[in-house]
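> got a sequence here, can you model it:
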Amino acid sequence: MRRFLLPLILLAIFIGESIFVQITPYDLLGSGKIAAPRFLMGALVILTIFGSKKHGILYSLLFGLLFDIVYVEIIGIYLFLFPVIAFITTKLMRILHMNIAVASIIVLLGITLLEAGVYQMNLLIHHSDMVFSVFLSSRLLPTLILNAIFIILAVYPLKRLSEKFADSLIE
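Reported below is the predicted structural model:
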């Protein structure tokens with residue numbers, strides 16, 4: 001039963017992101033600011049850090065594809081970035097200590113990489129003409145603030161869930 005709990009929670013977080021966008025006010029962090037919830041990316045990075053590295057990358061691949069199919073016109077950007085960020089996380093955790101503070105910083109770094117990658121792809125295909133300094137102030141910073149609040153609230157429960165998931169794989 002524990003093996004199915006984590007995928008169901010990740011699916012609930014995936015669905016919860018879109019619900020969060022719909023119920024929060026548009027100008028929550030100020031006029032012209034865009035705060036994108038990247039709760040799923042945070043949960044996947046926490047799974048990769050505290051749970052199974054292999055399953056973290058596998059779920060990142062699966063949810064990246066699902067994210068592309070549901071939300072994006074171009075299939076591939078999240079399918080590529082989610083597992084790459086999970087893989088970078090596995091490499092970083094080989095040299096860093098595994099605790100909640102470091103994990104929180106790694107999650108924010110992963111979200112930064114995701115946002116920068118999506119921004120660069122949108123520039124590449126001429127879907128956006130936002131200048132990088134505007135991107136930093138109106139998109140990246142509000143996104144990091146929002147997701148830092150999520151991390152503060154959810155890192156410990158997700159850590160415990162990931163550890164229990166890893167233990168259930170061993171049994």
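
> hang on, Ser104 packs against Leu153?
No: between Ser104 and Leu153 there is no contact under Cβ atoms under 8 Å: 11.2 Å. The C-beta positions use only the backbone N, C-alpha and C, and glycine is treated the same way.

> which one of these two has more residues nearby?
Ser104 (18 against 11; other Cβ atoms under 10 Å).

> tell me what the lengthiest helix in the chain is packed against?
If you go by DSSP state H, the chain has its longest helix at helix 141-170. Contacts defined by 3 or more Cβ pairs under 8 Å, 6 or more residues apart in numbering; DSSP states H and E place helix 141-170 against helix 2-23, helix 39-50, helix 100-124.

> per-residue confidence averaged over that helix?
Mean pLDDT, helix 141-170: 91.

> that helix to helix 100-124, inter-axis angle?
On the basis of axes from the mean of the first three to the mean of the last three Cα atoms, to 10 degrees, helix 141-170 is oriented at 120 degrees to helix 100-124.

> how far away from the center of its chain is helix 141-170?
Distance of helix 141-170 from its chain centroid, counting by Cα atoms, centre = their mean, to the nearest Å, is 10 Å.
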